[in-house]
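Enquirer: Predicted model and sequence follow; I will ask about them next.
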Amino acid sequence: MTDTLTHFIAGEAVAGAAAGESLNPSNTNDVVARYPAGGKAEVDAAVAAARAAFPAWADASPEVRSDLLDKVGSTIMARAKELGQLLSREEGKTIAEGTGEVMRAARIFKYFAGEALRRHGRTLDSTRPGIDAATYREAVGVFGLVTPWNFPIAIPAWKAAPALAFGNTVVLKPASPTPATAHALAAIIHECGAPAGVFNLVIGDGKVGQAIVDHEEVDGISFTGSQGIGARVAEGAVKRQARVQLEMGGKNPLVVLDDADLDRAVACAIDGAFYGTGQRCTASSRVIVTEGIHDRFVEALVERARALRVGDALDPATQIGPVVSDSQLEQNMRYVRIATEEGGRLAAGGERLEMTNPGYFMSPAVIADTAPDMRINSEEVFGPVVSTVRVKDYDEALAIANRGQFGLSAGIVTNSLKHSRHFRRNVRAGMVMVNLPTAGVDYHVPFGGTRKSSYGGREQGFAAVEFYTQMKTVYVAG
Ligand code: UN1
């Protein structure tokens, strides 16, 4: 079945001429949805609606906002199977991962239903007698949310839920490959009773994103996507002094030390590098291995990688779904080529696969014996491609882990308390994982990176209040 998508503006489904198709990457004969392409007119209408809805929403009892978010969370949960199916069909992650992501989105709404009720201001003792000082946390206004295709419901949820919880209104622009999943979320938010204009959806390409970024009435922008586009988003926002938050790429290292449990190290690398078809900004893309365990580790990694079942995302036996699009598959294959031309050894996978149905399949690639400065170890691939680097000892591993422009997530597999402690304190990354894959985060814990990975503050958990509220300082004399 092919859905026909609409925008949601001012509480109404707004149709437009079909401008694009969202295809099932496991079977490109299957058109998941046809969607309209919004432009400046739709963005203007959505922002005007969000602006008009803002005062009453910001003023509403926190209980009203909490109830809406809780209901959205419960509704998503009740439909997890159907939404997971849609997500996996549209994005290509396995059905287990798709349903898991839907549950994550539901729980994010429920978490922020609680946060809406929490008081985030502080009281202070003035140094002057008879005076009280306090800080309030107020809603900011209209937030523009520009979200990627790789977590098509969880990322819109973790931006929209805190925005709404703290009294802001929203205009969401989802990524072009996955509009149907975002549309399903928007429909649920409306069904659950969001007042008109509180949550708006405008579907379209980069022009919609640009119109949101440049709109004078958009007070803040939260973006997850590539570094190149992120830089443009920041430039546009800063020019007109809007708040801006960016989550961009990673080149996340996983360090494996001689004393690591081998099975655990391989499991961390397989999950971190290949689950979600490697399409996670937190994916482990460089595995840095000390020489005492190196050969055993690479051999076991190659064996596990070769045994992974690549296939249709909706087949429960599939472990690795397709890549999201043809252009992304091309990019992955190009990096495999570049890596081998630079001297890396293709030890597993790295081939385009033909299945019964036409789709974007490739075998998970392990590129061994790479040098730290190769392009494969500096540029984000965003696919099921991992490289390994052999090092002498922990110090060399840490130095290599800290190279490059990114700093999102970093992992270490070791039983050494000394090295794990040193790594936690000295690795240049916003998130550190000890004896865990670099990817796979909790829904209620702050998320974000350092250097070129993130900009403008942390998302999620208790940190979200910083971005989605502004502080007011109040002095009162009795
Ligand atoms: C995860 O590792 O569980 O776009 C989440 C991304 C990240 C989310 C990763 N923002 O891949």
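Expert: It's in.
Enquirer: how near is the residue in the stretch 301-450 of the chain that the ligand sits nearest to to residue 151?
Expert: Distances between the stretch 301-450 of the chain and the ligand by Cβ to the nearest ligand atom are smallest at residue 439, namely 3.7 Å. (C-beta placed from N, C-alpha, C; glycine too.) To residue 151, residue 439 is 11 Å away according to Cβ to Cβ, to the nearest Å.
Enquirer: Which residues of the stretch 1-150 of the chain lie near the ligand?
Expert: 148, 150 (Cβ under 6 Å from any ligand atom).
Enquirer: Can you name the residues in contact with stretch 450-461?
Expert: Stretch 450-461 has contacts (Cβ atoms under 8 Å, 6 or more residues apart in numbering) with 108, 111, 158-159, 162, 222, 227, 230, 234, 243-250, 281, 405-408, 428-430, 442-448, 463-464, 466-467.
Enquirer: In ChimeraX, select just the buried ones from those.
Expert: In ChimeraX, this line selects whichever of the contacts of stretch 450-461 come out buried by 16 or more other Cβ atoms under 10 Å:
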select :108,111,158,159,162,222,227,230,234,243,244,245,246,247,248,249,250,281,406,407,408,428,429,430,443,444,446,447,448,464,466,467
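Enquirer: and stretch 174-186, how far out from the chain's middle?
Expert: From the chain centre to the centre of stretch 174-186 is a distance of 14 Å (Cα atoms, centre = their mean, to the nearest Å).
Enquirer: do that stretch and the ligand meet at all?
Expert: No - applying Cβ under 6 Å from any ligand atom, one finds stretch 174-186 separated from the ligand by no less than 10.6 Å.
Enquirer: Now go through the contacts of stretch 450-461 and say which are in helices.
Expert: 108, 111, 158, 159, 162, 227, 230, 234, 464, 466, 467 (DSSP state H).
Enquirer: What spatial separation is found between the last one and the ligand?
Expert: Distance from residue 467 to the ligand, counting by Cβ to the nearest ligand atom, to the nearest Å: 15 Å.
Enquirer: one step back: overlap of the contact sets of residue 439 and residue 151?
Expert: Overlap between the contact sets of residue 439 and residue 151, as judged by Cβ under 8 Å, 6+ apart, is given by residue 280.
Enquirer: Please, where are all the strands along the stretch 201-350 of the chain?
Expert: Taking DSSP state E, counting those that start in this stretch, the strands of the stretch 201-350 of the chain run over residues 220-224, 243-247, 252-256, 284-290, 345-348.
Enquirer: Out of those, which one sits most buried?
Expert: strand 252-256 (a mean of 29; mean count of other Cβ atoms under 10 Å).
Enquirer: What strands line up against it, and which way round?
Expert: Its sheet considered, strand 252-256 pairs with strand 284-290 (parallel), strand 409-413 (parallel) by DSSP bridges.
Enquirer: Export the ones you listed to CSV and append columns for mean pLDDT.
Expert: Shown next, in CSV, are the strands paired with strand 252-256 (pLDDT from 0 to 100):
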stretch, mean pLDDT
strand 284-290, 98
strand 409-413, 98
